[in-house]
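S.K.: Please find the sequence and the predicted model below.
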Amino acid sequence: MMMTRFTRWVGFVNRNKIVESSKKETSFRRKTHAVKMVARVVDLRSDTVTKPNEAMRSAMATADVDDDVLGFDPTAQKLEMEVASIMHKDAALFVPSGTMANLISVMVHCEVRGSEVILGDNSHIHVYENGGISTIGGIHAKTLPNNVDGTMDIEKIVKAIRGTDGELYYPTTRLICLENTHANCGGRCLSIEYIDKVGAVAKEYGIKLHIDGARIFNASVALGVPVHRLVQAADSVSVCLSKGLGAPVGSVIVGSNEFITKAKRLRKTLGGGMRQVGVLCAAAYVALRDNVAKLSDDHKRAKMLAEGLREVEHFSVDLSSVESNMVFFDIRETSKISPDRLCEVLQERGVLAMPASSTSVRLVLHYQISDSDLQFALTCIKAAVEQILTGETKNGVVMQNMISVAQTVTV
Ligand SMILES: Cc1ncc(COP(=O)(O)O)c(C=O)c1O
Ligand SMILES: C[C@@H](O)[C@H](N)C(=O)O
């Protein structure tokens, strides 16, 4: 399960981060720190790894701010109005994370005790958000199988809906959650037709539709559909600005005025009411303004990467599944190469990647990955496979791009 591997892998990367030795050496070499530096790091672990660019930092430094709890922060309000307008929804609310955005959205829709939400068994809300909708929201999750394209069978959704007129022992379904693009299904895009059909089911049964739109702009660009049309059927959407758009922090929830009013109160309850939050919103505004247009390049590079990976005989890549900025590839068991080992060797070579399962690896493109980074990563991947197959030891290998720099520090 990616979650377990993901957590383990993050721990591995942190433990092995090549950092300047802080220990003052007492030996004759004490004036010298041997710092193993990797001259270049290409980070393909996720699109959450982007760092704020100069325009974002400058906007943060000069942001017009005020107390967003006692009144409103002008920059937060500007961002919220912009996102609401783009999504063609009444209102919007800035929150610190996509996880909180989803939790608040589900809790508002399912505010009556005994509520049930229908969601995918491979959805981010179900797999990676600590079960917050249950542990904090007291909401019952009814999971349905996610298909490889990120959808859930509509017939199964209809069958799963339990109304207020149900048996005394049934919870009441009040919400359906979709995810677009779908992270664990390889960044696949849910079509307008599918979303509209699910929306029609929700309306027919008097329940709500929430879209986890952490990468909704990726879906919009990949499908060539305006984002507001893609979310038209949704009662609420959580939009991550800190993924492919590259903001350092933050998501925005959009919905009706009534929904956002309730969401704002719940955000405070959950500790998400922030004071001069305009510092963060200023960067998010730059991300929204500048980076949507760059997403198509990420998608192109994802396809180029997938094509390059197909040249490695031990890998299998389904090119048709690469619809946005993610590439998942399988490693053939006959190769005896494990995803963990491959990612470990790649890290030594300056490429960061994430195991997705016991047989697959995930690579995620973002606007801070260049064409040259892509070629470098492919070269390192092929070299890493060769290294593992030939059993060369770490010491015996001239680590490509690995340099040792003796840094003399006068103590
Ligand atoms: C599909 C999806 N939804 C929600 C989230 C949660 O966002 P955050 O990490 O900001 O809590 C993520 C990843 O982070 C995601 O990939
Ligand atoms: C793993 C997950 O939480 C994160 N959203 C990612 O896709 O990297």
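M.R.: Okay, I see it. Residues are numbered from 1 along each chain as shown. Ligands and ions are numbered 1, 2, ... in the order given.

S.K.: where do the helices sit along the stretch 1-150 of the chain?
M.R.: 2-15, 54-61, 74-87, 98-109, 124-127, 132-135 (DSSP state H, counting those that start in this stretch).

S.K.: okay, those helices, which one's buried deepest?
M.R.: Across these, averaging neighbours per residue (mean count of other Cβ atoms under 10 Å) puts helix 98-109 on top, at a mean of 27. C-betas here are computed from N, CA, C, even on glycine.

S.K.: what's the model's confidence in it, averaged?
M.R.: Across helix 98-109, the average pLDDT comes to 98.

S.K.: Next to ligand 1, which bits of the stretch 1-150 of the chain? Give me the list.
M.R.: Residues of the stretch 1-150 of the chain that fall close to ligand 1, judged by Cβ under 6 Å from any ligand atom: 48, 97-99, 102, 124.

S.K.: And the residues you listed, which is closest to residue 310?
M.R.: The shortest gap between residue 310 and any of those belongs to residue 48, at 26.4 Å (Cβ to Cβ).

S.K.: got the contact list for the closest one?
M.R.: Listed by Cβ atoms under 8 Å, 6 or more residues apart in numbering, the contact set of residue 48 reads 242-243.

S.K.: Assign residue 197 to helix, strand or coil.
M.R.: Classification of residue 197 by DSSP: H, G, I helix; E, B strand; the rest coil places it in helix.

S.K.: gap between the closest residue to it other than its chain neighbours and ligand 2?
M.R.: Leaving out its chain neighbours, the residue that sits closest to residue 197 by Cβ to Cβ, 6 or more residues apart in numbering is residue 154, at 5.7 Å. Relative to ligand 2, residue 154 is positioned 26 Å away (Cβ to the nearest ligand atom, to the nearest Å).

S.K.: which residues touch residue 154?
M.R.: Residue 154 neighbours (Cβ under 8 Å, 6+ apart): 194, 197-198, 201.

S.K.: measure it to ligand 1 for me?
M.R.: 21 Å.

S.K.: Kindly report the same for residue 252.
M.R.: 11 Å.

S.K.: Specify the beta-bridge partners of that residue.
M.R.: Beta-bridge pairing for residue 252 (DSSP bridges): residue 94, residue 239.

S.K.: in the stretch 251-400 of the chain, which spans are helices?
M.R.: Taking DSSP H, counting those that start in this stretch as the test, the helices found in the stretch 251-400 of the chain are 257-269, 278-291, 295-309, 339-348, 371-390.

S.K.: Distance from stretch 383-393 to the middle of the chain?
M.R.: 31 Å (Cα atoms, centre = their mean, to the nearest Å).

S.K.: What of stretch 237-253?
M.R.: Counting by Cα atoms, centre = their mean, stretch 237-253 is centred 9 Å from the centre of its parent chain.

S.K.: repeat for stretch 212-227
M.R.: Here stretch 212-227 is found 13 Å from its chain centre; the criterion is Cα atoms, centre = their mean.

S.K.: sorry, back to before: most packed of the helices of the stretch 251-400 of the chain?
M.R.: Most buried among the helices of the stretch 251-400 of the chain, counting by mean count of other Cβ under 10 Å: helix 278-291, with a mean of 24.

S.K.: Hmm, residue 313 and residue 382 touching each other?
M.R.: No. Counting by Cβ atoms under 8 Å, residue 382 does not reach residue 313; the two are 10.4 Å apart.

S.K.: Just send the helices of the stretch 1-150 of the chain back as JSON lines, with distance to ligand 2 too.
M.R.: Formatted as JSON lines, these follow (distance: least, Cβ to the nearest ligand atom, whole Å):
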{"stretch": "helix 2-15", "distance to ligand 2": "5"}
{"stretch": "helix 54-61", "distance to ligand 2": "20"}
{"stretch": "helix 74-87", "distance to ligand 2": "19"}
{"stretch": "helix 98-109", "distance to ligand 2": "7"}
{"stretch": "helix 124-127", "distance to ligand 2": "6"}
{"stretch": "helix 132-135", "distance to ligand 2": "13"}
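
S.K.: so which of these comes closest to residue 145?
M.R.: helix 124-127 (11.4 Å).

S.K.: Please export the C-alpha coordinates of that closest one as CSV.
M.R.: Taking C-alpha atoms only, helix 124-127 is exported to CSV below (Å, rounded to 0.1, in the frame of the first residue of the first chain):
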residue,chain,number,x,y,z
HIS,A,124,-6.9,10.4,-0.9
ILE,A,125,-9.7,11.2,1.7
HIS,A,126,-10.0,7.5,2.5
VAL,A,127,-6.4,6.4,2.4
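
S.K.: Need the residues that contact it.
M.R.: For helix 124-127, contacts defined as Cβ under 8 Å, 6+ apart pick out 1-3, 98, 102, 106, 119-120, 133, 141, 143, 177, 179, 183-184, 212, 214.

S.K.: Tell me who's in contact with the closest residue to ligand 1 within the stretch 251-400 of the chain.
M.R.: For the stretch 251-400 of the chain, the residue closest to ligand 1 is residue 251, as judged by Cβ to the nearest ligand atom, at 5.9 Å. By Cβ under 8 Å, 6+ apart, the contact set of residue 251 is 94-98, 100-101, 214, 238-242.
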